[in-house]
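Novice: coords please:
(chains A and B)
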Protein chains: 2
Amino acid sequence: MATQTLAAWTVSLSYPDLPEEVIHAAVRSFYNIAGCIVGGSRHTATTTARNALSPFSGPPTSHLLGTDTSTDAMHAALFNGIASHVHDYDDTHLDTIIHPTGPVACALLAIIPTLSRPVSGPEFITALVAGIEAECKIGMAVWPAHYDVGWHITSTTGSIGAAVAVAKLFALEAGKVAHAIGLAATQVTGLREMFGSHTKSFHPGRASQNGLLAALLAREGFTSSVEALEAKRGWARVVCSGGNRLEEEIAGLGGSGRWEIVRNTFKPFPCGIVVHPVIDGCVWLHGELERVGVDVADVEEVVVDVHPLVLELTGKTAPRDGLEAKFSVYHSGAVGLLLGKATPAQYKGDVVLDRRVVALRDRFRAVPDEGLRADECHLVVKVRGAASIEKHVDYAVGSMERPMTNEQLTAKFVDQCIGILGEERTDKASEWCWNLEEQADMGRVKDVL
Amino acid sequence: MATQTLAAWTVSLSYPDLPEEVIHAAVRSFYNIAGCIVGGSRHTATTTARNALSPFSGPPTSHLLGTDTSTDAMHAALFNGIASHVHDYDDTHLDTIIHPTGPVACALLAIIPTLSRPVSGPEFITALVAGIEAECKIGMAVWPAHYDVGWHITSTTGSIGAAVAVAKLFALEAGKVAHAIGLAATQVTGLREMFGSHTKSFHPGRASQNGLLAALLAREGFTSSVEALEAKRGWARVVCSGGNRLEEEIAGLGGSGRWEIVRNTFKPFPCGIVVHPVIDGCVWLHGELERVGVDVADVEEVVVDVHPLVLELTGKTAPRDGLEAKFSVYHSGAVGLLLGKATPAQYKGDVVLDRRVVALRDRFRAVPDEGLRADECHLVVKVRGAASIEKHVDYAVGSMERPMTNEQLTAKFVDQCIGILGEERTDKASEWCWNLEEQADMGRVKDVL
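Specialist: Numbers count the residues shown, from 1 in each chain, chains lettered A, B, ... in the order given. Alright, predicted model coming up:
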């Protein structure tokens, strides 16, 4: 029943039904991912994929954000999807740790220019919400066992979310939406074993493409199972052997129950969420040291009390490159304290190996403390010949309790885009994306981003 | 270790190392699948996919067998792969029920015309063997639990087989072969829930494309896990929670252990293998009735003793269309007895609903018998005013014990191709495919098939 229920819900969803907070969350989700796609557009993973596959590209209808290049819709979904995730800087639905917007938005942006009509901002938002709700509800149905066994839940659910969103954009009838869901469900992409390699960011890109492909085939009449999610050997049971809550979660789709998109959060720092409290505290301490006139060279030691999981996941003491640095609470804290920020630039190889960063990193001491939550930490900076400075971070910026403000999202967007688009285009792009609700033609993305 | 072992084995495999029986099996596997691809090229599933995706196609380098159309390599792998499986008429590695040749051969045929050099028959055979050995060994490592839980093992292993074959064709170094294996392993396509819909044949098509994509990305330097198959959260454990025999199977790759391709069998009838003994017996009885001069209209009853599984899987008494007829031992037996054959033509709607077929079908009685093997059956034809005629089928044609002869494969090939290619081209194509070992340029497939 879940498959048919999801299909019927998708068909019936309309923009006027969306509560204001849902539209607000959709605009922020789009704004954030647009900056991430531009920011990831020149990463090696993205350009390697482009180079490998350009000989097979079709009509260049669809824009690759952050470049002056277009490609066919199918490849655009892949490349933009890779870019959206490649800095680990996108967004997080904390209840499932799905990064929901990339797979869905990239499929929509890719296919829109191929349609014979303009797609408005509100229509885009409606399809985006449909896709994100689908992925998050399905994800909650199998969380956490599905993730624990080794699936990258962002892409395994992302294929289905992208299919639902594109099916909505195509205004398919419910029967065909169900076939699209089945076609997406059968393409189960993403093993966590790939974390630490380019293939991690391939996952949301391929999910975007899987979902787009599913909707295109279903539109043409290609058939699938219409019980793909819930059947005895359907998606939920095959990818999560220990039971699932599929029917309950799908029955609670937005309108009947909770909207998931309002629980989406945005990453202030391009690394795993578990290090965010430490970075947040160190960035604050950077300002505080400046304010009281202490030179970082005089810092003797930084003691960081953290939840034990932080050391388990990010305990690398001497990272050798940007990727390893993402798994180092020491590097992440050091750049926060020394430079006052942790953006993708602070995870580049030259910064990771910078003499001053390494010196400060080596003065960090992390202490596991069972009494702290994973999103909490306590910092003490010991200064030569001066009083120590302390900071307690109760909830990191970017959490549900301290969501990133629109101003912070703007700063993140500008930081990612300015070196690629230039100042003038970045400002215009930022304004355009914030005004998503007012846009008459989403195909204009190619002129803007 | 399995991933690296497979990669190293792939690199070291060479044509002179292949025993004669392996080459013989490879030629027969290629010959059989070539006919199946042509035969499936006009099926609705194949044409629907082509229609849906043609707007996204790139440079038309790669031939769609059985048509006068070409498309880009990526889409050619998909479409030819769908066609290869759509009549359930391909081949079967009985130890795993993998249909191994389609995903591998379609990836190779698709990419070959894009290379700047000709690929010879022996080079093609070597890559084909590499891919088929990879899929079957990996399949045996997780069989039967992986299939039982609901995965379509043909495509879940087919992605990896296709990646290995294309990596071999590209002569990638072992490190890159490992990355290709990882990229393929992370795209786990194929739920058995899709059986009975177009999506079943989508699976080997998408597997072919997944593997081709993986090899292309790895060639360009895209990175993956180099322990993708065996890691704690690698492919084998994620897709088969109850334990696996990965290291043993991979350690026994051809040369060190058994060659799997010599255990590949070819389907004499376009339906599940469990009905084959009944069809085989009925086809024999058709000839026998003719010989003794009995009119089928005088057949009062056909009693078929079968293994209980036959009724469980193919017990449909009144199929309404060709797809349902594949799951009807009654229809399958009736066309065998009435028409003396069961090819794709006998599973078309008009035959399924034909008055004479229905009348004879309704005179079949199937009796489950625990004492029979699944590949065995006993038939008694009761004739009005004459002695009954009996037939015991110990092993069906197409089994390991009674493999299809080259003559039978030729008849199957001709039957599939003649209505599409015409008589003259079919004869030439048959000869060309049988002479695979002698071919200097596999790109000529476009002129032949």
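
Novice: check the gap between A:Pro60 and chain B for me.
Specialist: 10 Å (CB to the nearest CB, to the nearest Å). The C-beta positions use only the backbone N, C-alpha and C, and glycine is treated the same way.

Novice: A:Asp394 too?
Specialist: Distance, A:Asp394 to chain B, using CB to the nearest CB: 33 Å.

Novice: that residue against A:Glu376, yeah?
Specialist: Yes. If you go by CB atoms under 8 Å, A:Asp394 and A:Glu376 touch, sitting 5.9 Å apart.

Novice: tell me which of the two has more neighbours.
Specialist: Taking other CB atoms under 10 Å in any protein chain shown, A:Asp394 and A:Glu376 do not tie; A:Glu376 has more neighbours (19 against 13).

Novice: what sits against that one?
Specialist: Contacts here follow CB atoms under 8 Å, 6 or more residues apart in numbering or on different chains; on that basis A:Glu376 touches A:277, A:307, A:392-395.

Novice: go with 10 Å
Specialist: Contact analysis of A:Glu376 by CB atoms under 10 Å, 6 or more residues apart in numbering or on different chains lists A:277, A:281, A:305-307, A:369, A:392-396, A:399.

Novice: same check on A:Ser62?
Specialist: By CB under 10 Å, 6+ apart, the contact set of A:Ser62 is A:70-77, A:79-80, A:106, A:109-114, A:443, A:445-446, B:56.

Novice: run the last query once more with 6 Å
Specialist: A:Ser62 makes contact with A:70, A:73, A:76, A:110, A:113, according to CB atoms under 6 Å, 6 or more residues apart in numbering or on different chains.

Novice: out of those, which sit inside helices?
Specialist: The helices, defined by DSSP state H, take in A:73, A:76, A:110 from those.

Novice: run a quick neighbour tally on the last one.
Specialist: The reference is to A:Ala110. Residues within reach of A:Ala110, counting by other CB under 10 Å, total 30.

Novice: the first one now?
Specialist: Taking other CB under 10 Å as the neighbour definition, A:Ala73 ends up with a count of 27.

Novice: which residues does it contact?
Specialist: Residues in contact with A:Ala73, defined by CB under 6 Å, 6+ apart, are A:61-62, A:110-111, A:114, B:56.

Novice: and those residues, which is closest to B:Glu312?
Specialist: For these, the residue nearest B:Glu312 by CB to CB is B:Phe56; the value is 41.5 Å.

Novice: thought A:Asn244 was touching A:Ala141, still the case?
Specialist: Yes. Between A:Ala141 and A:Asn244 there is a contact at 4.9 Å, judged by CB atoms under 6 Å.

Novice: quick one: which of the contacts of A:Glu376 is nearest chain B?
Specialist: A:His307 (22.4 Å; CB to the nearest CB).

Novice: quick check: the gap between that closest one and A:Glu407.
Specialist: 29 Å (CB to CB, to the nearest Å).

Novice: between these two, which one's more packed in?
Specialist: Neighbour tally, A:His307 and A:Glu407, criterion other CB under 10 Å: the higher count belongs to A:His307, 19 against 8.

Novice: regarding the closest residue to the more buried one other than its chain neighbours, what is its secondary structure?
Specialist: Nearest-residue entry for A:His307: A:Ala374, 4.4 Å, with adjacent residues in sequence omitted and distances by CB to CB, 6 or more residues apart in numbering or on different chains. Three-state assignment for A:Ala374 (DSSP: H, G, I helix; E, B strand; the rest coil): coil.

Novice: show me where the stretch 101-250 of chain A has helices.
Specialist: Counting by DSSP state H, counting those that start in this stretch, the stretch 101-250 of chain A has helices at residues A:101-111, A:121-142, A:145-149, A:153-169, A:174-185, A:199-220, A:235-239, A:246-251.

Novice: any idea of the pLDDT on the nearest residue to A:Pro118 once chain neighbours are set aside?
Specialist: What sits nearest to A:Pro118 in space, not counting adjacent residues and going by CB to CB, 6+ apart, is A:Asp441, at 4.0 Å. Per-residue confidence (pLDDT) for A:Asp441: 98.

Novice: same question for A:Leu309.
Specialist: At A:Leu309, pLDDT is 88.

Novice: tell me the spacing between it and chain B.
Specialist: 17 Å.

Novice: just give the nearest non-adjacent residue to the residue sitting furthest away from the middle of chain A, would you?
Specialist: Distance from the C-alpha centroid of chain A, by CA atoms, centre = their mean, peaks at A:Gly385 (43.6 Å). Using CB to CB, 6+ apart and skipping residues adjacent in sequence, the residue nearest A:Gly385 is A:Asp298, 7.2 Å away.

Novice: what about the one you found, distance to A:His378?
Specialist: To A:His378, A:Asp298 is 21 Å away according to CB to CB.

Novice: compare these two (neighbour count), which wins?
Specialist: Legend: neighbour count by other CB under 10 Å for A:Asp298 and A:His378, higher for A:His378 (20 against 13).

Novice: I figured that one hits A:Asp394, correct?
Specialist: No. The criterion here is CB under 6 Å, and A:His378 misses it with A:Asp394 at 9.8 Å.
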